[in-house]
Structures are given as structure tokens and as C-alpha cells.
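K.L.:
When you get a sec, could you give me coordinates for this:
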Amino acid sequence: MIDFALYLTYAMVAISILLAIGFSVWFLLKNFSNAKATLFGFAGIIIVFLMSYFISSNEVYEKFSISASLSQFIGGTLIMLYIIFFGTILTAIYAEVNKLFK
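P.N.:
Below is the predicted model:
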């Protein structure tokens, strides 16, 4: 009985993921002019991640069983987090200063 419920849960999660992706693509194709900002934002995140990934180190940590590729992925993700965090802080400061002079 548990096996059936587990497989049913897997199937429902897979169907939910496919429907979420499918409706997103359908909305994107239907309203392409409205979705340009979303696409530019997504492309920006991908570009920031790729830059972060390529500048991160691929040091191997045998103590924790972390391979070179996983280490580079983790490092790239952390660098991307730092870039987005500080970018958000700078954007908030710019918005406040800009509002002060208007």
C-alpha cells in the first residue's frame, strides 16, 4: 500500500511540474510582448550565474566527498548570491538617494 501511495505522489509531482512549465510556456507564447521583462531578468540571472561559475574555484574537498565539479557549482552559486545581494543593497540605496533629490 505504501509503494502505491509513493508512486502516486511521484506521478502527481511530475504532472504538477509539467503543468507549471507548460502553462508558463503557453503564457509566454501568448503574451510575448508582456513577458519580455521576465525573459530579460531570467537571462540576467543565467549570465550572472555563468560568470560566477567560471570564476569560482574547483578545489576538491575529499574530507566531505565533494568533487571538483560540485565544488565549482557550489562556489558559483555562492558568488552569484553575493553579487545579487550586494546589487540589491546598492539598488535600494540608489533608489533612496534618487528619491531624496526629486
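K.L.:
Just give me the longest helix of the protein.
P.N.:
Longest helix in the chain by number of residues, with DSSP state H as the criterion: helix 68-100.
K.L.:
Give me the helices and strands touching it, please.
P.N.:
Applying 3 or more C-beta pairs under 8 Å, 6 or more residues apart in numbering; DSSP states H and E, one finds that helix 68-100 contacts helix 36-55. Every residue, glycine included, has its C-beta placed from N, CA and C.
K.L.:
And the residue nearest to the spatial centre of the chain, what's its pLDDT?
P.N.:
Centroid check for the chain by C-alpha atoms, centre = their mean gives I45 as the closest residue, at 6.6 Å. Looking at I45, its pLDDT stands at 94.
K.L.:
and it, how far is that from M51?
P.N.:
Separation of I45 from M51 (C-beta to C-beta, to the nearest Å): 11 Å.
K.L.:
now L70
P.N.:
For L70 relative to M51 (C-beta to C-beta), the value is 19 Å.
K.L.:
Repeat that for L6.
P.N.:
Here L6 is placed at a distance of 40 Å from M51 (C-beta to C-beta).
K.L.:
Please apply the same query to A20.
P.N.:
28 Å.
K.L.:
need the contact list for L50.
P.N.:
Not one residue lies near L50 by C-beta atoms under 8 Å, 6 or more residues apart in numbering.
K.L.:
Pull the distance from the helix or strand hosting L29 to the chain's centre.
P.N.:
Assigned by DSSP states H and E, L29 belongs to helix 2-30. Mean-position distance between helix 2-30 and its chain equals 19 Å (C-alpha atoms, centre = their mean, to the nearest Å).
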